[in-house]
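>>> turn this into a model:
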Amino acid sequence: MELINDLYLKKEPKATVLVDESEHIYRARAAADGLVSKPVVPELDKEHLTLKHLWLKATEQNADKSLFGYRPLIKTHTKETPAEGDKPAKKWTSYELGNYQWWTCKQARQFSLNTAAILHEHGIKAGDRVFFFAKTSAEWMITSMACFQLGIAISTGYDSMPADAIASIIDQTEPKAMFTEVGNPFTSLMKVVNKAYGLLKSKKQPSLVLYIGKDEEAPEDLDRFKKEKPDDVTMTHIQDIYHGNAAGKKQTNEADLLESASPKPSDLALIMFTSGSTGTPKGVELTHANILAAVGGAQYLIMDWFLKDDHCYIGFLPLAHILEYVVELVMISLNVPIGYATARTLMDDSVCGPGGAVEAKWQLLEYFGKENAITRIFDKTIFAPVQKVTGGKLIYGLSGGAPVSFETSKFLSSTLCHMVQGYGLTECCGLASLTYPALGPRTASIGPPSPSIEFKLQDVSDTDYKAAQGTGELWLRGPSLMQGYYNRPDLTKEAITSDGWFRTGDVAHLNEDGTVQILDRIKSLAKLSQGEYIALENLESRYRDCRSIKNICLIAHSDMNYIIGVVEPETEGVDKDKLLKELQDTARKTDMNKAETVKDIIVTKETDWMAAFATTSGKIKRGEVEKAYKDDIKKMYS
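The predicted structure is shown next:
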């Protein structure tokens, strides 16, 4: 099988190939002869296609090379502005951080073995589950690898989940241990734990709580937990485990520990919980084989990117989301160091880019199809201040999860770095397709499918979306596809057909060059009174190019021939008519038709839009918005 970039250097005509004419099944050209089911590197035989063996082999082969980096906290700075009129007082916290310090592969491997030994000593074994509830960090990844070495599956949650969702996950999975973090995650988790277990005084209680962070960040919660927990529940700081200071730690022979459990490729590795617009979490069951197939597919897509020893990956998205987890596994397998950060510590103050030059560089990119000496002049002169914000070394940026508008993608690709657009779902290990540099500048597609996935299009009933015309609901199949939803055979049956196709619920179009374009969610298609269908999510991503708004939720009623919007403005006290005109100007500039142009708006005063109207992955809860503004919407449509 050839690498993607090799194929494009040979000027292959299309990114995908038709492998079944009767069912119109497509694959990436690199996977024409068969889907990828394992990593390229490190080499693993069929019986050892597990995360345990990938981790052990990758860290052994690159023992002395840097793997995980972190920046130590030197000092916390707090700034506060007093209340003024209707505006409340605001408080900002910034962090003074030291230079990156690195753990080698050998150190990270030993830390994971130490952690596995603690789990083993507490009787946590193959088939058990550990609940992860902490922010992204090297310790998160290392602890997950400790679990996999013993055949333990992990379940995940994140601190933007509501308490009842966290409680539901704990109730469903009955974890034998928990991994958490001092601060907001620990405080939130202990509230749920107290309600669920009565401070772990339950027969189903976890016997071990592993945690990271500084004790002084939540002293009251820690003290209360330590005082009131049962004696048979152990609470241990991860750093004590790493350095052999964990209370009660026995000497465990490394060989005996590694031989104590041997997970199979078909064993459950992750139960990744997703929380949709209903707020009810669904556990996606992913086996070792599923995840390694996704890693292999991703390697084929990006292998040619990382051939230099000085390349590094910034890890800051939630590891509780499958996309970040799989991407970091790819980095580990390719020996690309991961420097951990948070969204708040990625860069200093923002700077504005010179807008006129963006269009000029973009036209050159479209003309030449790739970077060249002329476009690099733009980078070294006009766009240098923008690139300096990220240190001036950023090469690629990956976007996924929600649509990125043409203007946003064009701006970032022109001024900052090459933006790679991905598409995926937890159900297919986060990676279904990806654009890559060999394709040249792309904004209207998500690239071809991953070599571990094949796809076909299905007609969408009651619409003009017909598979024969290259547009329809996107169905996926392949070795990286989930086993099902945890303890929900009913939902699994709805999502996966009898012959293994996963119904994504997304409307897609197959472009002439073989790349795929996502048009919208089937659930977000709205039919207006004149019979025209409006793709609401797609339009919302385009309207967000308007600089005067933060968020917008479009509303469409089938008995009316126009749409309205509920808008979160960028600044308070904005004039509604002026804001509406700006949105309509945005519609005109991006070639929206009359039916797609917002006719009226409601300017929300919601202080926390994301908490009130968005899922944990940032998607709009349209039903919640309509419920909150039903009276205003009724007036506009009357």
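
>>> same for the host helix or strand of residue 505, what does it pack against?
Assigned by DSSP states H and E, residue 505 belongs to strand 502-510. Using 3 or more C-beta pairs under 8 Å, 6 or more residues apart in numbering; DSSP states H and E, the elements in contact with strand 502-510 are strand 454-458, strand 471-477, helix 489-495, strand 516-521. Every residue, glycine included, has its C-beta placed from N, CA and C.

>>> the ones you listed: lowest mean pLDDT?
Per-stretch mean pLDDT for the helices and strands packed on strand 502-510 is lowest at strand 516-521 (a mean of 88).

>>> parallel or antiparallel, list what pairs with it.
Partners of strand 516-521 in the sheet, by DSSP bridges, are strand 502-510 (antiparallel).

>>> buried sites along the strand it pairs with?
Neighbour-count burial for strand 502-510, with 16 or more other C-beta atoms under 10 Å as criterion, is recorded at 502-504, 506-510.

>>> quick one, that strand and strand 454-458 angle?
Using axes from the mean of the first three to the mean of the last three C-alpha atoms, to 10 degrees, the interaxial angle of strand 502-510 with respect to strand 454-458 works out to 80 degrees.

>>> show me the shaky parts of the stretch 301-450 of the chain.
For the stretch 301-450 of the chain, the stretches flagged by pLDDT under 70 are 304-307, 343-392, 401-411, 413-415, 437-444.

>>> closest to the centroid, which residue in the chain?
The residue lying closest to the centre of the chain (C-alpha atoms, centre = their mean) is residue 323, at 4.3 Å.

>>> that one and residue 342: what is the separation?
17 Å (C-beta to C-beta, to the nearest Å).

>>> next: residue 55.
Relative to residue 342, and taking C-beta to C-beta, residue 55 is found at 24 Å.

>>> quick one, which of the two is more surrounded?
Ranked by neighbour count (other C-beta atoms under 10 Å), residue 55 and residue 342 place residue 55 first, with 25 against 13.

>>> name the nearest residue to that one, sequence neighbours excluded.
Distances taken as C-beta to C-beta, 6 or more residues apart in numbering place residue 145 nearest to residue 55, at 4.7 Å, with adjacent residues excluded.

>>> ok, residue 423 next?
According to C-beta to C-beta, 6+ apart, the nearest residue to residue 423 is residue 446 (3.8 Å).

>>> count the neighbours of the one you found for me.
Using other C-beta under 10 Å, residue 446 has 25 neighbouring residues.

>>> now it, what are its backbone angles?
phi -110, psi 20 (degrees, to the nearest 10).

>>> surely it touches residue 422?
Yes: judged on C-beta atoms under 8 Å, residue 446 makes contact with residue 422 at a distance of 6.8 Å.

>>> what's the following helix or strand after the helix or strand hosting residue 291?
Element membership of residue 291, judged by DSSP H and E, is helix 288-302. Using DSSP H and E, the next helix or strand after helix 288-302 towards the C-terminus is strand 313-315.

>>> touching that next one from outside, list them.
For strand 313-315, contacts defined as C-beta atoms under 8 Å, 6 or more residues apart in numbering pick out 136, 324, 327-328, 331, 336-341, 346.

>>> out of those, which is nearest to residue 469?
Nearest to residue 469 out of the contacts of strand 313-315 is residue 327 (C-beta to C-beta; 34.2 Å).

>>> list the contacts for that closest one?
So residue 327 contacts 298, 313, 398, 430 (C-beta under 8 Å, 6+ apart).

>>> compare those and tell me which is most surrounded.
Ranking the contacts of residue 327 using other C-beta under 10 Å puts residue 298 first, with 29 neighbours.

>>> confidence score at that one?
For residue 298, pLDDT reads 93.

>>> pretty sure residue 431 is one of the things it touches, is it not?
Yes: when contacts are counted by C-beta under 8 Å, residue 298 is listed as touching residue 431 (5.5 Å).

>>> quick check: neighbours shared by these two?
By C-beta under 8 Å, 6+ apart, the residues touching both residue 298 and residue 431 are 326, 450.

>>> on that earlier part again, what would the helices and strands packed on strand 502-510 look like in JSON lines with mean neighbour count and distance to residue 318?
Converted to JSON lines, the helices and strands packed on strand 502-510 look like this (neighbours: other C-beta atoms under 10 Å; distance: least, C-beta to C-beta, whole Å):
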{"stretch": "strand 454-458", "mean neighbour count": "22", "distance to residue 318": "26"}
{"stretch": "strand 471-477", "mean neighbour count": "22", "distance to residue 318": "23"}
{"stretch": "helix 489-495", "mean neighbour count": "13", "distance to residue 318": "23"}
{"stretch": "strand 516-521", "mean neighbour count": "21", "distance to residue 318": "22"}
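
>>> tell me which of those lies nearest to residue 109.
Comparison of the helices and strands packed on strand 502-510 against residue 109 by C-beta to C-beta identifies strand 471-477 as nearest, at 34.2 Å.

>>> and that closest one, C-alpha only, in CSV?
C-alpha atoms of strand 471-477 as CSV (Å, rounded to 0.1, in the frame of the first residue of the first chain):
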residue,chain,number,x,y,z
THR,A,471,-25.4,13.5,-2.6
GLY,A,472,-27.0,11.6,0.3
GLU,A,473,-26.7,10.4,3.8
LEU,A,474,-23.1,9.3,4.5
TRP,A,475,-22.8,5.7,5.7
LEU,A,476,-19.5,4.3,7.0
ARG,A,477,-18.0,0.8,7.4
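
>>> from the chain's centroid, how far away is that strand?
Centroid displacement of strand 471-477 relative to its chain, using C-alpha atoms, centre = their mean, to the nearest Å, is 21 Å.

>>> quick check: neighbours of that strand in the sheet, parallel or antiparallel?
Strand 471-477 is paired, per DSSP bridges, with strand 454-458 (antiparallel), strand 502-510 (antiparallel).

>>> what residues does that strand touch?
So strand 471-477 is contacted by 428, 432, 449, 453-460, 465-466, 497, 500-510, 516, 518-519, 522 (C-beta under 8 Å, 6+ apart).

>>> let's see 7 Å
428, 432, 453-460, 465-466, 500-509, 522 (C-beta atoms under 7 Å, 6 or more residues apart in numbering).

>>> in its sheet, what does the helix or strand just after that strand sit against?
Once the chain leaves strand 471-477, the next helix or strand it forms, by DSSP H and E, is strand 484-485. Using DSSP bridges, the strands paired with strand 484-485 are strand 281-287 (antiparallel).

>>> the strand it pairs with versus helix 288-302: what angle between them?
Using the same axes, to 10 degrees: strand 281-287 against helix 288-302 is 80 degrees.

>>> now render the helices and strands packed on strand 502-510 as JSON lines, adding distance to residue 131.
Compiled in JSON lines, the helices and strands packed on strand 502-510 are given as follows (distance: least, C-beta to C-beta, whole Å):
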{"stretch": "strand 454-458", "distance to residue 131": "33"}
{"stretch": "strand 471-477", "distance to residue 131": "28"}
{"stretch": "helix 489-495", "distance to residue 131": "21"}
{"stretch": "strand 516-521", "distance to residue 131": "30"}
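
>>> ok, which of the ones you listed comes nearest residue 590?
Ranking these by proximity to residue 590 (C-beta to C-beta) places strand 516-521 first, at 14.9 Å.
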